[in-house]
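Chemist: Sharing a model prediction with you, sequence too.
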Amino acid sequence: MEVNKKMELLEDMLELDEGTLQAGDVLNEIEEWDSMAALSLIVLMDEEFGKEINGSDIKKLSTVQDILDLMD
């Protein structure tokens, strides 16, 4: 999957406008990144990428790029 499509999925999950996120964005600085977003990411990774992640995996994420790397 192309990076642009992955970014669209993340922006949709966080209910952000298209083109809002950048790979270097720090998750804790994104207002929409909260516990519900983390749960949504768990579901997204399972449904779109067939990968199971958990809370400890989420805690290791610090940037949008970290999420993109998990999607590979």
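Modeler: Sure thing, it's come through.
Chemist: So L70: helix, strand or coil?
Modeler: On the three-state scheme (DSSP: H, G, I helix; E, B strand; the rest coil), L70 is labelled helix.
Chemist: Which elements pack onto the lengthiest helix in the chain?
Modeler: Secondary structure assigned by DSSP state H gives helix 35-49 as the longest helix of the chain. Contact partners of helix 35-49 among helices and strands, from 3 or more C-beta pairs under 8 Å, 6 or more residues apart in numbering; DSSP states H and E: helix 3-13, helix 55-59, helix 64-71. Where you see a C-beta, it was placed from the backbone N, CA and C, and this is true even at glycine.
Chemist: Throw the ones you listed into TSV and include mean neighbour count, thanks.
Modeler: As requested, the helices and strands packed on helix 35-49 are arranged in TSV below (neighbours: other C-beta atoms under 10 Å):
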stretch	mean neighbour count
helix 3-13	16
helix 55-59	12
helix 64-71	17
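Chemist: who's in contact with K60?
Modeler: Counting by C-beta atoms under 8 Å, 6 or more residues apart in numbering, K60 touches D66.
Chemist: actually A37, not the one I wrote
Modeler: Applying C-beta under 8 Å, 6+ apart, one finds that A37 lies in contact with M13, L14.
Chemist: For it, report the pLDDT, please.
Modeler: For A37, the pLDDT comes out at 97.
Chemist: how near is it to T20?
Modeler: Using C-beta to C-beta, to the nearest Å, one gets 14 Å for the distance from A37 to T20.
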